[in-house]
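[1] Based on what follows, work out the 3D shape:
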Amino acid sequence: MPKLKRSETDERATDFVEALDRGLRLLHCFGTTAGPMTLSDLARAADLPRATARRMLFTLQRGGYVSGDGKLFSLTPHVLTLAASYLRSNQVVTVLQPVLDRVATAANEISSLAVLDGDDVVFIARSSPARMFSGGLEIGYRLPAFCTSVGRVMLGRLDEADLAARLKTMRRQALTPQTVTDPKALLARIAADRAQGYALVDREAEPHFRSISVPVRRYDGVIVAAINMGAHVDRVPAQELIDRFLPLLREGAESVRSQLL
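    Here you go, the predicted structure:
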């Protein structure tokens, strides 16, 4: 009798390393609270047996990613080497950083680059004019995609059916009184943003902040990221975002399209 071929799912299940998965889950749990955490708290947060969590923590401690005295544990700066490896190896960051610098200088405002990660956006690069205090959205900062300008232009890469399904299943918690959460209304807004080539979100992600974003496309037209600029509502009116910021963002995104593979 001939042997049956393993399915791709079976092969992936065989290749799955449970110990590595548990260790990564444990690392993520440190971000749920400020300050050191106890072994019991970490085990509970990661849904792991206490003995398993203890072995994982001591392994991470040996690698330099965790410090602890046996009772309290915390991450070390060595964890940042993981993020640094991502940023150094990411072509989008390398290509777009000069664009962000140019746009921020021209507009005298902070400019940021974001990518889609699940139902969130993650900011992976930014530039600030020399005169401005470098506050706001730091690298690694996460926000829901549905209520941010960067998120909406990236969600616009989905077709109508996929976008409607995605909006229905994602968590849509209002962050401000202006946050649009209805999936049908969001579908219409994202479709309109796709058609006009940019998204402007006014006080939906933060109560006193508005921003404008354009998609970043690679050589074949596929959207791989988004760049944005924003400002406090009392300082920059919405129309100025369109008149002054949008042309800079569009030119910047288009200038690197042929370089992104």
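[2] how about the helices in the stretch 51-200 of the chain?
    80-89, 91-107, 149-155, 160-169, 183-196 (DSSP state H, counting those that start in this stretch).
[3] For Val224, find the nearest of these.
    Within the helices of the stretch 51-200 of the chain, the stretch nearest Val224 is helix 91-107; the backing value is 6.0 Å (C-beta to C-beta). Placement of C-beta: from N, CA and C, glycine included.
[4] thinking again about what came up before, need the winner for burial among the helices of the stretch 51-200 of the chain.
    Comparing those by mean neighbour count (mean count of other C-beta atoms under 10 Å), helix 149-155 comes out on top with a mean of 28.
[5] just so I know, which of the helices of the stretch 51-200 of the chain lies nearest Gly63?
    Per C-beta to C-beta, nearest to Gly63 of the helices of the stretch 51-200 of the chain: helix 80-89, 10.5 Å.
[6] That closest one vs helix 91-107, what angle?
    Orientation check (axes from the mean of the first three to the mean of the last three C-alpha atoms, to 10 degrees): helix 80-89 against helix 91-107 gives 80 degrees.
[7] which residues of the stretch 51-200 of the chain score low on pLDDT?
    130-137 (pLDDT under 70).
[8] Buried residues, stretch 245-254. List them.
    Using 16 or more other C-beta atoms under 10 Å as the test for burial, stretch 245-254 gives 245-246, 248-249, 252-253.
[9] Identify, from these, the entry nearest to Val99.
    After measuring these against Val99 - C-beta to C-beta - the closest member comes out as Gly252, at 4.1 Å.
[10] which SSE is Ile212 in?
    strand 209-217 (DSSP states H and E).
[11] Please tell me how far that strand is from the chain's geometric centre.
    Averaging C-alpha positions (C-alpha atoms, centre = their mean, to the nearest Å) puts strand 209-217 14 Å from its chain's average.
[12] Quick check: next helix or strand after that strand?
    Next along from strand 209-217, by DSSP H and E: strand 223-232.
[13] counting contacts, what elements does the strand holding Ile212 pack onto?
    Secondary-structure packing of strand 209-217 (3 or more C-beta pairs under 8 Å, 6 or more residues apart in numbering; DSSP states H and E): helix 149-155, strand 199-202, strand 223-232, helix 246-255.
[14] try 10 Å this time
    helix 91-107, strand 111-117, helix 149-155, helix 183-196, strand 199-202, strand 223-232, helix 238-240, helix 246-255 (3 or more C-beta pairs under 10 Å, 6 or more residues apart in numbering; DSSP states H and E).
[15] quick one: which of the ones you listed is nearest Phe58?
    Short answer: strand 111-117, nearest of the helices and strands packed on strand 209-217 by C-beta to C-beta, at 29.6 Å.
[16] Return the alpha-carbon coordinates of that closest one using PDB.
    The C-alpha coordinates for strand 111-117 follow below in PDB (Å, rounded to 0.1, in the frame of the first residue of the first chain):
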ATOM      1  CA  SER A 111       6.000  62.700   9.700                       C
ATOM      2  CA  SER A 112       5.600  59.000  10.400                       C
ATOM      3  CA  LEU A 113       5.700  55.600   8.600                       C
ATOM      4  CA  ALA A 114       3.400  52.800   9.600                       C
ATOM      5  CA  VAL A 115       2.600  49.200   8.600                       C
ATOM      6  CA  LEU A 116      -0.300  47.000   9.200                       C
ATOM      7  CA  ASP A 117       0.000  44.200  11.800                       C
END
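[17] Can you report how many residues neighbour Leu226?
    One thing to correct before we go on: residue 226 is Ala, not Leu. Ala226 sits with 29 neighbouring residues when counted by other C-beta atoms under 10 Å.
[18] Surely it is in contact with Leu116?
    Yes - in this structure Ala226 lies within contact range of Leu116 using C-beta atoms under 10 Å: 8.3 Å.
[19] which neighbours do these two share?
    Residues touching both Ala226 and Leu116 (C-beta atoms under 10 Å, 6 or more residues apart in numbering): 145, 150-151, 153-155.
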